[in-house]
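Asks: I'd like to go over a predicted model; first the sequence, then the structure.
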Amino acid sequence: MLRIGFVGWRGMVGSVLMERMFAEHDFGNYEPIFFTTSNVGGKGPDIGQEIPPLKDAYNIETLSEMDIIVTCQGGDFTKRVYPELQEEGWSGYWIDSASTLRMNDDSIIVLDPVNKSVIEAGLSSGIKTYVGGNCTVSLMLMALSGLFASGHIEWISSMTYQAASGAGAKNMIELVQQMSALADASKDLIDNPASSAIELDARITQKLRSPALPVAHFGAPLAASLIPWIDRPMDSGQTREEWKGYAETNKILQTEKPIPVDGLCVRIGAMRCHSQGFTIKLNKDLPLDEISSMLREAHEWVELVPNERAATIKDLTPAAVSGTLTVPVGRLRKMLMGPEYVAAFSCGDQLLWGAAEPIRRIMNIVINHLSD
Ligand code: NAP
């Protein structure tokens, strides 16, 4: 029986992974072993079956006994443990949500509705390291997969509106703390029908600039504001989040001629859904109905939203999409720059398709591969 080790199962990504695996009845036909970096001997997650106490995630000998290791623990863990396992001659499969190994030559970035053939070729050629992609990149590819597959994208610019969840649990809490501080500061004005919006605005602005607003994790107010910077700077002037757009898209698709992908990544006060506004330069003037069909027919999770107000505000918002696997694409239209320029907008749950779901699916693909 296969032995599968899970590390990082109680973090943000790991918890969503456990929820999804439980919902899809993924536990079975293999022995799940749960690891921890902080609570050796403690109790693992409730997966509806008996499991042994938590094992030490830094114990290379125990990890070496696994056929597959699935980790959502983070980059520091991967940096420390992965090389030690390789040195020990471990020959199992490593499945990871952290970015550490994404650009390695011997790893594949996984998003099987989009790059199943790349994954299959990797398995056949003996590649053992499979890594989930950056959430924004994965969600862009889920949204526009049909158009990418057509070969008609010359370049693409993605302007992002990224949720607090992408920065982790502590940041999600801080966003709500900020909202709560703003609500407290303005409560008397909200409750008084005679107060004016200008007074309310002055009160909110004062609170946003007050040293009392909690900003330890974001470094700035996010509620009632936004932060146009995510991750660290690169020499190109991009942030690392922006750099990943080009690097990861082309690696996921294994493009022969790399497609330029660039834009600005912006943190906004959504909880767990990333949105993106696209400018797409096509290499020919395709009719909009043809583009719509390509997008719609790409896979079962993409949903085309008509470019109309009612449908857009109902179906194309983080509030509508959060917690679902649906990736809606809308605001589809030709742009004034010319007939080859197309605008589109998309939303997607960054903890599902942006993180946990590709990991869950590659785990099952590897299990099937091993049992073939
Ligand atoms: P996280 O929530 O910080 O969890 C990572 C680990 O922190 C947990 O496995 C847990 O390890 C430990 N931990 C300490 N205190 C905790 C607490 N109060 N609650 C839960 N866990 C606690 O990290 P994450 O956001 O899931 O990210 C994991 C990896 O996935 C990172 O490399 C990240 O870059 C990547 N990723 C994240 C996202 C995202 O949306 N967050 C998207 C794509 C990729 P122990 O149980 O061993 O103590």
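Replies: Right, received. Where do you want to start?
Asks: quick one, what contacts residue 107?
Replies: Each residue near residue 107 by CB atoms under 8 Å, 6 or more residues apart in numbering is listed here: 101, 127, 129, 130, 131. Every residue, glycine included, has its C-beta placed from N, CA and C.
Asks: Give me the buried entries from those residues.
Replies: Buried subset of the contacts of residue 107 (neighbour count, 16 or more other CB atoms under 10 Å): 101, 127, 129, 130, 131.
Asks: pretty sure the second one contacts residue 108?
Replies: It refers to residue 127. Yes: counting by CB atoms under 8 Å, residue 127 touches residue 108, with 5.7 Å between them.
Asks: which stretches of the stretch 201-350 of the chain form helices?
Replies: Under the criterion DSSP state H, counting those that start in this stretch, helices of the stretch 201-350 of the chain are mapped to 240-253, 288-296, 309-315, 318-321.
Asks: Scan this protein for its longest strand.
Replies: Secondary structure of the chain per DSSP state E: the longest strand is strand 338-349.
Asks: Give me the angle between that strand and helix 288-296.
Replies: 30 degrees (axes from the mean of the first three to the mean of the last three CA atoms, to 10 degrees).
Asks: So what does the residue of the chain found nearest the ligand look like in phi/psi?
Replies: As assessed by CB to the nearest ligand atom, the ligand sits closest to residue 11 within the chain, at 2.1 Å. Here is the backbone geometry of residue 11 (degrees, to the nearest 10): phi -80, psi -170.
Asks: What is the nearest of the contacts of residue 107 to residue 254?
Replies: residue 127 (12.3 Å; CB to CB).
Asks: Quick one: classify that closest one as helix, strand or coil.
Replies: Secondary structure assignment for residue 127 (DSSP: H, G, I helix; E, B strand; the rest coil): coil.
Asks: which phi and psi does it have?
Replies: Residue 127 has phi and psi values of phi -70, psi 140 when expressed as degrees, to the nearest 10.
Asks: that older thread, buried residues in the longest strand of the chain, which are they?
Replies: Neighbour-count burial for strand 338-349 [16+ other CB under 10 Å]: 340, 342, 343, 344, 345, 346, 347, 348, 349.
Asks: quick one, what contacts the closest residue in space to the first one that isn't next to it in sequence?
Replies: Translated: residue 340. Leaving out its chain neighbours, the residue that sits closest to residue 340 by CB to CB, 6 or more residues apart in numbering is residue 282, at 4.4 Å. Contacts for residue 282 (CB under 8 Å, 6+ apart) come out as 152, 153, 154, 340, 341, 342.
Asks: my read: residue 146 touches residue 301, true?
Replies: No: Residue 146 is beyond contact range of residue 301, at 11.9 Å (criterion: CB under 8 Å).
Asks: I'd like the helices of the stretch 201-350 of the chain laid out as a markdown table, including mean neighbour count and mean pLDDT.
Replies: Output for these, formatted as a markdown table (neighbours: other CB atoms under 10 Å; pLDDT from 0 to 100):
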| stretch | mean neighbour count | mean pLDDT |
| --- | --- | --- |
| helix 240-253 | 21 | 98 |
| helix 288-296 | 15 | 98 |
| helix 309-315 | 13 | 98 |
| helix 318-321 | 18 | 98 |
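Asks: Of those helices, which is nearest residue 89?
Replies: Nearest of the helices of the stretch 201-350 of the chain (CB to CB): helix 240-253, 27.1 Å.
Asks: Surely residue 34 is within a strand?
Replies: Yes: under three-state DSSP, residue 34 sits within a strand.
Asks: Spell out the secondary structure type for residue 131.
Replies: Following three-state DSSP, we place residue 131 in the strand state.
Asks: just the strands in this structure please.
Replies: So, for the chain - with DSSP E - the strands run 2-7, 30-36, 55-56, 68-71, 93-96, 107-110, 129-132, 153-161, 261-262, 273-282, 302-304, 327-335, 338-349.
Asks: got TSV for the ones you listed, with distance to the ligand and mean pLDDT too?
Replies: Shown next, in TSV, are those (distance: least, CB to the nearest ligand atom, whole Å; pLDDT from 0 to 100):
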stretch	distance to the ligand	mean pLDDT
strand 2-7	7	98
strand 30-36	4	97
strand 55-56	10	98
strand 68-71	8	98
strand 93-96	8	98
strand 107-110	12	98
strand 129-132	6	98
strand 153-161	13	98
strand 261-262	18	98
strand 273-282	9	98
strand 302-304	20	98
strand 327-335	15	98
strand 338-349	10	98
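Asks: out of the ones you listed, which comes closest to residue 224?
Replies: strand 153-161 (14.9 Å).
Asks: Show me the helices in the stretch 1-150 of the chain, by range?
Replies: Going by DSSP H, counting those that start in this stretch, the stretch 1-150 of the chain shows helices at 12-23, 60-64, 75-87, 112-124, 135-150.
Asks: Comparing those helices, which comes out most buried?
Replies: helix 135-150 (a mean of 25; mean count of other CB atoms under 10 Å).
Asks: Thanks again, I'm all set now.
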